[in-house]
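Mind looking at a prediction? Sequence and model below.
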Amino acid sequence: MIHAALPAILPGFASPVHDAQQCFRTLLEAMSRPGKPVCLGVLPPVTSLNAAMPASCISGMVAIALTLCDADTQIWLDVCLDTPAMRQHLRFHCGCSIASGPETASFAFIGNAKAMPRFAAFSPGEPEYPDRSATLIIAAKLTAEEQGCLISGPGISPARNPQGLPFGPGGLPAWFWEEWAMSRDGYPLGVDVVFVDSHPSGGNFVRIAGLPRSASAVPPSRFRSGSAGENKICMSR
Amino acid sequence: MPAENSISENQRETPVYNFAYLDEQTKRMLRRAILKAVAVPGCQVPFGGREMPMPYGWGTGGIQVSAAIMGKNDVLKVIDQGSDDTTNAVSIRSFFKRVAGIPVTTSTREATIIQTRHRIPEHPLREGQIIVYQVPVPEPLRWMEPSEKETRTMHALEEYGVMHVKLYEDIARHGEIAASYDYPVMVGGRYVMSPSPLPKFDNPRMHQSPALQLFGAGREKRVYAVPPYTDVRSLDFEDHPFSVQRWDKPCEICGSTDTYLDEIIADDKGTRLYVCSDTDHCAARLASKENRQGGSDG
């Protein structure tokens, strides 16, 4: 890919008002039902933005940026996503500034979760204003068969999931769930996460799942593998 | 009247406002606030309130939240004290019909977004529905502590003793907790929240509700949320447990005994009637009752 030959900026949403609204409602559903994969059905074109990642995943991330980011938000891109084409695209469409480090970002886009900074690197908000925290948009395999953890809290029906909802996005760093469980001690401070499926979707959609800070997680190391069989049930909606 | 006619003609051809009235930047700001509010249930998230084409107290907070979430495929229901037909409900409904062009309904079942002033519909809400409350005073501690800086700190430190003292003083004075509406609740075991001037009758129905509940306060420019399946407990004491209102008489119109009833003065002699506050539920109940009777007659 030759960056010098990139004068043409790709379009954003085909219908900026309605597509952004639809994308927001999908995000709202994801955040209010943690661990439940939902389908993001309106995607902006992204060919040539980043060849290293599946188009559907990049497209999902760009859709989230187009929906939520503007001149009032600072965003941070990890090494995997931080390409000149991506910067130009987001600057043009969102008018957002790109942070040099994760600590000042209100939205952090993470393409390579394995190398992501620890949660402490991001803004957890302030005790009086916990809403001033970072939102992490992380590429992860939502179709993964691997054993995740059991999450519970607001948005997860205790009647339907008495032990918690099995949730195991693939491709996360080994410390992720242990640290998530630890960061719950600081609640209501903390970061919120939106996972964008890094598995090619093969269509003009991508699956996303929310993990707000209100969700508490029992890491795999702390429960017996007996309940992991339920994983498939939740994944195939 | 020709001038007025030509204006409305114009409006039909080219929309004067963006979809759902608010501009896109305002919607983005509201949407970010709503997502954070959902992530921290019960926490009041400030937003940059906009001037709306109606005065504060008419539901500008709820309207801004509704405008930020609604899309072409939504069906809107608006109620004011349970009724679909009062001025506030009718004007908000026609406002959105005009600026968003979306279908409106009075049926709780058909609606995807329900904007409400001070009631939860009697018909149980389902997953996927969003109920938007209009909130006049979002801060439950405001009557005890006038300073916003102080109440922020109290929420941060989970310092809610003063609220229990207030409830205790009620018991000391009246023998019971006298609050019958805007009865404070504990959300997700962390934040004390004002459920807006909802009759306490509706408090138990906020607990573990399958629908998403959003609260918008226009004057105070704040939004807060209760996600689906979230614990909402009304504050009380072991020896003075929370209880809801009960009526001795059934609804005068539909005969319901398990709904929230409004008292209506029927004539100059002071005759009192009790009727359902939820007009849609009352009408549906009456219709099914008449159907059943009609069926047995035939």
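On my side now, so go ahead. Numbering: from 1, shown residues only, chains lettered A, B, ... in the order given.

Now do the same contact list for the spatially closest residue to residue B:272 that is not a sequence neighbour.
The shortest distance from residue B:272 to any non-neighbouring residue, by CB to CB, 6 or more residues apart in numbering or on different chains, is to residue B:263 (5.7 Å). Where C-beta positions appear, they are placed from N, C-alpha and C, glycine not excepted. Shown in contact with residue B:263 (CB atoms under 8 Å, 6 or more residues apart in numbering or on different chains): B:272-274.

Could you list the domains of chain B?
The record's domain parsing of chain B by automatic domain parsing lists B:24-138+B:184-233, B:246-298.

avg pLDDT for stretch B:106-115?
Summarised as a single mean, pLDDT over stretch B:106-115 is 97.

For the helix or strand where residue B:273 lies, which outside residues touch it?
In this structure, residue B:273 sits in strand B:272-276 according to DSSP states H and E. With CB under 8 Å, 6+ apart as the test, strand B:272-276 has contacts from B:82, B:122, B:247, B:249-254, B:256, B:259-266, B:282, B:285.

Wasn't residue B:55 part of a helix?
No: counting by DSSP: H, G, I helix; E, B strand; the rest coil, residue B:55 is located in no helix; its state is coil.

For residue B:219, see how far away it is.
10 Å (CB to CB, to the nearest Å).

Pick out whichever of these two has more residues nearby.
Ranked by neighbour count (other CB atoms under 10 Å in any protein chain shown), residue B:55 and residue B:219 place residue B:219 first, with 15 against 10.

Low-confidence stretches in the stretch 1-150 of chain B?
Across the stretch 1-150 of chain B, the ranges flagged by pLDDT under 70 are B:1-15.

Does residue B:54 touch residue B:91 like I think?
Yes: assessed by CB atoms under 8 Å, residue B:54 is found in contact with residue B:91 at 7.3 Å.

quick one: least confident helix or strand in chain A?
helix A:231-235 (a mean of 35; mean pLDDT, DSSP states H and E).

Contact residues of the stretch 101-250 of chain B facing chain A?
Residues of the stretch 101-250 of chain B lying close to chain A (CB under 8 Å from any CB of the partner chain) are B:152-153, B:155-157, B:188, B:190-191, B:208, B:210, B:212, B:225-231.

Which residue ranges of the chain form helices?
With no chain named, the answer covers chain A. A:16-32, A:55-68, A:84-94, A:176-183, A:231-235 (DSSP state H).

should've been chain B
Under DSSP H, chain B gives helices at B:2-13, B:24-39, B:60-69, B:87-99, B:148-156, B:161-174, B:279-297.

any idea of the mean pLDDT for the longest one?
Helix B:279-297 shows a mean pLDDT of 85 in the predicted model.

Tell me the confidence at residue A:49?
Among the per-residue scores, residue A:49 holds a pLDDT of 80.

separation between it and residue A:202?
Shown here: residue A:49 relative to residue A:202, a distance of 19 Å by CB to CB.

So for the two, which sits in the more crowded spot?
Using other CB under 10 Å, the more surrounded residue of residue A:49 and residue A:202 is residue A:49, with 23 against 8.

Ramachandran coordinates for that one?
Main-chain torsions, residue A:49, degrees, to the nearest 10: phi -70, psi -40.

contacting residues around residue B:202?
Per CB under 8 Å, 6+ apart, neighbours of residue B:202: B:119-120, B:195, B:260.

Go again with 6 Å.
The contact partners of residue B:202, by CB atoms under 6 Å, 6 or more residues apart in numbering or on different chains, come to residue B:120.

do you know how far it is from residue B:232?
Here the criterion is CB to CB. By it, residue B:202 lies 11 Å from residue B:232.

Please apply the same query to residue B:222.
Applying CB to CB to residue B:222 and residue B:232 gives a distance of 18 Å.

Residue A:162 too?
To residue B:232, residue A:162 is 19 Å away according to CB to CB.

quick one, which of those two is more surrounded?
residue B:232 (22 against 8).

Quick check, pLDDT for that one.
pLDDT for residue B:232: 98.

Show me what it is bridged to.
Taking DSSP bridges as the rule, residue B:232 bridges to residue B:187.

residues touching it, list them.
Contacts of residue B:232 (CB under 6 Å, 6+ apart): B:185, B:187, B:206-207.

try residue B:145
With contacts defined as CB under 6 Å, 6+ apart, residue B:145 is in contact with residue B:151.

Around residue A:123, how many other residues sit close by?
Neighbour count for residue A:123, taken as other CB under 10 Å: 19.

In this structure it contacts residue A:136, no?
No: under the criterion of CB atoms under 6 Å, residue A:123 makes no contact with residue A:136, lying 10.7 Å away.

joint contacts of these two?
Residues touching both residue A:123 and residue A:136 (CB under 6 Å, 6+ apart): there are none.

mind giving me TSV with the helices of chain A and columns for mean neighbour count and distance to residue B:35?
TSV is the format used below for those (neighbours: other CB atoms under 10 Å in any protein chain shown; distance: least, CB to CB, whole Å):
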stretch	mean neighbour count	distance to residue B:35
helix A:16-32	23	5
helix A:55-68	25	8
helix A:84-94	18	16
helix A:176-183	18	18
helix A:231-235	15	22
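
out of those, which comes closest to chain B?
Proximity to chain B (CB to the nearest CB) singles out helix A:16-32 among these, at 4.2 Å.

Determine if any part of that closest one is in contact with chain B.
Yes: judged by CB under 6 Å from any CB of the partner chain, helix A:16-32 comes into contact with chain B through A:17-18, A:21, A:24, A:31-32.

Can you name every helix or strand that that helix contacts?
On a contact count with 3 or more CB pairs under 6 Å, 6 or more residues apart in numbering or on different chains; DSSP states H and E, helix A:16-32 meets strand A:38-40, helix A:55-68, strand A:206-211, helix B:24-39.

now the longest one against strand A:206-211, angle please.
Which is helix B:24-39. Interaxial angle of helix B:24-39 relative to strand A:206-211 (axes from the mean of the first three to the mean of the last three CA atoms, to 10 degrees): 50 degrees.

and the strand holding residue B:273, which strands flank it?
Strand B:272-276 is paired, per DSSP bridges, with strand B:261-265 (antiparallel).

Provide a list of residues in contact with the closest residue to residue A:117 other than its chain neighbours.
Distance criterion CB to CB, 6+ apart; nearest residue to residue A:117, sequence neighbours excluded, is residue A:102 at 5.3 Å. For residue A:102, the contact set (CB under 6 Å, 6+ apart) comprises A:76, A:108, A:117, A:121-122.

same check, this time on residue B:65
B:132, B:214, B:216, B:223.

got those residues as CSV, with neighbour count and distance to residue B:19 columns?
Below are the contacts of residue B:65 laid out as CSV (neighbours: other CB atoms under 10 Å in any protein chain shown; distance: CB to CB, whole Å):
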residue, neighbour count, distance to residue B:19
B:132, 28, 17
B:214, 28, 19
B:216, 33, 18
B:223, 29, 20
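
how close does the closest residue to residue A:88 other than its chain neighbours sit to chain B?
Take residue A:88 and drop its neighbours on the chain: the residue closest to it by CB to CB, 6+ apart is residue A:9, 6.6 Å away. From residue A:9 across to chain B, the span is 19 Å (CB to the nearest CB, to the nearest Å).

From residue A:112, how far out is the closest residue to residue A:114 other than its chain neighbours?
Once flanking residues are discounted, residue A:114 sits nearest to residue A:173: 5.3 Å by CB to CB, 6+ apart. Distance from residue A:173 to residue A:112, counting by CB to CB: 10 Å.

Neighbour count: these two, which is higher?
Set residue A:173 next to residue A:112 and count neighbours by other CB under 10 Å: residue A:112 wins out with 17 against 14.

Hmm, that one is touching residue A:80, no?
Yes: using CB under 6 Å, residue A:112 makes contact with residue A:80 at a distance of 4.0 Å.

follow-up on the earlier one: please identify the most buried of the helices of chain B.
A comparison of these by mean neighbour count, using mean count of other CB atoms under 10 Å in any protein chain shown, puts helix B:60-69 on top with a mean of 26.

Okay, angle between it and helix B:24-39 too, please.
Using the same axes, to 10 degrees: helix B:60-69 against helix B:24-39 is 100 degrees.
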